[in-house]
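S.K.: Any chance you can model this:
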Amino acid sequence: MTFIVDARKLPCPQPVVLTIKAMEEASDITTIVSSKIAKENVTRLANDRGFSLNIAEEGDDFRLHMVRLSPEGEARSTPRMPSTASPANGECACEVANGENQVLLLTSNAIGHSDEALGEKLMTSFVQILGELPEKPRTIIFMNSAVKLVVKGASTIEDLKDYEQSGIKLLACGTCLNHYGLTDSVAAGEISNMYDIASTLFAASKIVSP
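M.R.: The predicted model follows:
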């Protein structure tokens with residue numbers, strides 16, 4: 001029998017948190033959400049945690065049916081004992097492999113507050129220069145108005161696409177994108193949630209924020 005997680009109308013990161021709790025108790029789960037951002041977040045969670053996934057639209061809702069895969073890649077629906085591992089284990093895609101796990105946290109599309117035009121120009125230069133630095137971040141997190149940096153037409157978008165191609169992970173706050181009406185305009189990185197962002201920050205060896 002499938003484990004039902006009704007996460008309709010719940011704010012970020014509750015759909016992800018409730019699904020993670022369900023994954024600790026069951027191998028056959030259906031999560032119901034009512035936004036595209038929640039659907040993307042739960043989809044990424046299912047992929048990261050080794051679940052097969054089937055998505056069905058029902059009116060304004062999305063039903064995500066997940067079945068845990070066996071080590072051989074086959075789906076299995078037998079119950080699983082609750083995990084004793086921390087929920088963050090395996091959730092954050094920023095595990096340290098080689099060198100430091102540095103995270104760049106951007107919370108604005110501008111640097112400074114006295115002159116908006118100057119601040120935006122400084123942020124564009126800052127993002128551009130990252131590619132020339134000997135030490136680069138493992139992950140860049142975009143929150144608040146910084147999400148404007150990852151959308152179509154942004155002066156930073158081509159550089160960010162290059163960084164993503166080189167292996168730097170880009171996480172854009174889904175709640176922030178929705179606030180600015182930019183959810184459908186993302187051109188680089190992935191739409192994330194507060195659970196992923198918090199996990200990434202707490203797993204970092206160094207956090208830099210200009």
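S.K.: can I see the domain layout of the chain?
M.R.: With domains defined by automatic domain parsing, the chain comprises 3-68, 102-208.
S.K.: Low-confidence stretches in the chain?
M.R.: For the chain, applying pLDDT under 70 flags the ranges 71-99.
S.K.: Break down it into its helices, ranges please.
M.R.: 14-23, 36-48, 116-129, 157-166, 174-179, 194-203 (DSSP state H).
S.K.: one step back: can you lay out the domains of the chain as JSON lines showing mean neighbour count?
M.R.: Every residue, glycine included, has its C-beta placed from N, CA and C. Formatted as JSON lines, the domains of the chain follow (neighbours: other Cβ atoms under 10 Å):
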{"stretch": "domain 3-68", "mean neighbour count": "19"}
{"stretch": "domain 102-208", "mean neighbour count": "18"}
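S.K.: Please name the nearest non-neighbouring residue to Pro15.
M.R.: Excluding the flanking residues, the one nearest Pro15 by Cβ to Cβ, 6 or more residues apart in numbering is Ala7, at 3.8 Å.
S.K.: any chance you could map the strands in the chain?
M.R.: 3-6, 28-33, 51-58, 61-68, 102-106, 139-142, 169-173, 190-192, 206-208 (DSSP state E).
S.K.: need these in JSON lines with distance to Lys152, can you?
M.R.: Shown next, in JSON lines, are these (distance: least, Cβ to Cβ, whole Å):
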{"stretch": "strand 3-6", "distance to Lys152": "33"}
{"stretch": "strand 28-33", "distance to Lys152": "25"}
{"stretch": "strand 51-58", "distance to Lys152": "25"}
{"stretch": "strand 61-68", "distance to Lys152": "24"}
{"stretch": "strand 102-106", "distance to Lys152": "18"}
{"stretch": "strand 139-142", "distance to Lys152": "15"}
{"stretch": "strand 169-173", "distance to Lys152": "13"}
{"stretch": "strand 190-192", "distance to Lys152": "14"}
{"stretch": "strand 206-208", "distance to Lys152": "26"}
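S.K.: Could you point out which of those sits nearest Glu120?
M.R.: Across these, Glu120 has its closest neighbour in strand 102-106 (12.4 Å, Cβ to Cβ).
S.K.: Direction included, what does that closest one pair against?
M.R.: Paired neighbours of strand 102-106 in the sheet (DSSP bridges): strand 139-142 (parallel), strand 206-208 (parallel).
S.K.: Tabulate these (JSON lines), appending distance to Lys169.
M.R.: What follows is those, written out as JSON lines (distance: least, Cβ to Cβ, whole Å):
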{"stretch": "strand 139-142", "distance to Lys169": "4"}
{"stretch": "strand 206-208", "distance to Lys169": "14"}
